[in-house]
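# Quick one, fold the following:
(one chain, ligands or ions: 1)
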Amino acid sequence: TANTPLTTPVSLLGLGAMGTALARAWLAAGHPLTVWNRTPARAEALVAEGAKAADGAAGAVAASDLVVVCLLDDDSVGTALDGVDLAGKDLVNLTTTTPEQARARAAWAEERGARYLDGGIMAVPPMVGVPEAGGFVFYSGSPEVFEARREVLAVPVGTRYVGEDPGFAALHDIALLSAMYGMFAGVAHAFALIRREDIDPVAFAPLLGEWIPAMAGPAVRQTAERLKSGDLTTGVVSNLAMQVAGTPTFLAAAEGQGVSTELLRPYFDLMRRRLDIGSGEEDLTGVVDLLLR
Ligand code: FVH
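The predicted model follows:
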């Protein structure tokens, strides 16, 4: 059946860092694997490891009912699959795209007779094929494809299906990665603050590394609960009025250390705007809806 992992042929288009890691995981699990890459040399090592290299994208697609693409962006998917016969295929697109691009690509694939599943990879290549690393892929789109292919798709990294809307995997992916960039911004600012002092960044790192999850876990949960209930004030520990009152201290401390405030100011401005229209007894949840246009 389609769900028999060791016997399901897979065609994989795209052998960049991520595609190559995916290929190795499927090969290690014993799948017949056909690969294609725009630059053919990137397939050579995988052929030595047991993959079959197709001459072109059309040949790779023709080789298996399950076709996985992991290319640079949505444009490269359109270019690679232009004119390729997708009829009867299960097309799984692991390329990072916007939700709108994923929805359009799903309609495009279905017009060509394929069933479509979109994926957003929450892992970096060294996490692929290493279950204990905790990587996974958000999937959305055809529930039939997900059910039929889930065991094969779970070989490289875990799977999390987030709905029939083909844009949801990309939306979850981008949401988590956007939060990650906000976190990276905070980390950059913190290291900049200590940069010119006699403070060892390696000794400072565990303080920061433990502080972030200690704050993030409760904050994420409480924000979600408040967004759902609409109650922004009950049980607030560190209220908005107190936090806004503290922002000049953070800005002055940065100036004093010779550090730009350009990463902090946009968030502080939103906190101030929320205080102006909301209540000082709230927490920071009110900032979320200020971002909605
Ligand atoms: N690597 C990572 O850490 C992240 C983890 C999370 C998910 N991303 C996304 O995965 C997609 C692929 O990423 P990648 O790391 O494999 O990317 P590259 O190593 O840069 O390889 C890009 C492949 O795309 C091919 N390609 C580019 N443009 C075209 C085109 N116009 N037509 C056909 N193929 C194209 C490229 O081919 P080549 O340069 O070797 O000929 C590579 O196979 C991506 O969406 C990440 O955001 C990775």
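# C-alpha only now, for contacts and for neighbours.
Will do.
# Go through the protein and flag its longest helix.
As assigned by DSSP state H, the longest helix anywhere in the chain is helix 201-229.
# check whether the longest strand that the chain contains contacts the ligand.
What stands out as the longest strand in the chain, according to DSSP state E, is strand 115-122. Yes. For strand 115-122, a contact with the ligand is found by CA under 6 Å from any ligand atom, at 121, 122.
# what separates the longest helix of the chain from the chain centre, distance-wise?
19 Å (CA atoms, centre = their mean, to the nearest Å).
# Please apply the same query to stretch 79-94.
That offset, for stretch 79-94, works out to 22 Å (CA atoms, centre = their mean).
# How much space separates the spatially most central residue of the chain from residue 258?
In the chain, the centroid-proximal residue (CA atoms, centre = their mean) is residue 173; its distance is 3.2 Å. Look at residue 173 and residue 258: by CA to CA, to the nearest Å, they are 35 Å apart.
# circling back to that earlier point, what residues are up against the residue nearest to the centre of the chain?
Applying CA atoms under 8 Å, 6 or more residues apart in numbering, we find residue 173 in contact with 120, 121, 122, 138.
# contacting residues for the second one?
Think residue 121. 94, 96, 135, 136, 137, 138, 173.
# Now narrow these to whatever sits close to the ligand.
Among these, the ligand is touched by residue 96 when using CA under 6 Å from any ligand atom.
# mean confidence for the helix or strand encompassing residue 254?
Assessed by DSSP states H and E, residue 254 sits inside helix 240-256. The pLDDT scores in helix 240-256 average 98.
# which strands and helices sit next to that helix?
helix 265-277 (3 or more CA pairs under 8 Å, 6 or more residues apart in numbering; DSSP states H and E).
# Break the chain into its domains for me.
Segmentation of the chain into domains, based on automatic domain parsing, reads 5-164, 195-290.
# So which of the ones you listed has the densest surroundings on average?
domain 5-164 (a mean of 20; mean count of other CA atoms under 10 Å).
# TSV please, covering the contacts of residue 121 and showing pLDDT and secondary structure.
Output for those, formatted as TSV (pLDDT from 0 to 100; DSSP: H, G, I helix; E, B strand; the rest coil):
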residue	pLDDT	secondary structure
94	98	coil
96	97	coil
135	97	coil
136	98	strand
137	98	strand
138	98	strand
173	98	helix
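# so which two of the contacts of residue 121 are the farthest from each other?
Pairwise distances across the contacts of residue 121 peak at 15.4 Å for 96 and 135 (criterion: CA to CA).
# thinking again about what came up before, how close does the residue nearest to the centre of the chain get to residue 289?
Residue 173 is 20 Å from residue 289, by CA to CA.
# re the thing from before, from the contacts of residue 121, pick the one nearest the ligand.
Distance to the ligand across the contacts of residue 121 (CA to the nearest ligand atom) is lowest for residue 96, with 3.8 Å.
# Please tell me I have it right and the closest one contacts residue 120.
Yes. With contact defined as CA atoms under 8 Å, residue 96 counts as touching residue 120 (6.1 Å).
# Next, show the common contact partners of those two.
Joint contacts of residue 96 and residue 120 (CA under 8 Å, 6+ apart) are residue 170.
# Could you pull up the residues touching residue 282?
232, 233, 234, 236, 239, 240.
# picking that back up, generate TSV for the domains of the chain, with distance to residue 177 as supplementary columns.
Below are the domains of the chain laid out as TSV (distance: least, CA to CA, whole Å):
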stretch	distance to residue 177
domain 5-164	8
domain 195-290	15
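# Residue 182 is nearest to which of these?
domain 195-290 (9.2 Å).
# Any idea how far apart the tips of that closest one sit?
From the first residue to the last, domain 195-290 extends over 33 Å; the measure is CA to CA.
# what do you get for stretch 83-99?
With CA to CA, one end of stretch 83-99 sits 24 Å from the other.
# all numbers from here: first residue = 15
Sounds good: first residue 15 from here, last item stretch 97-113.
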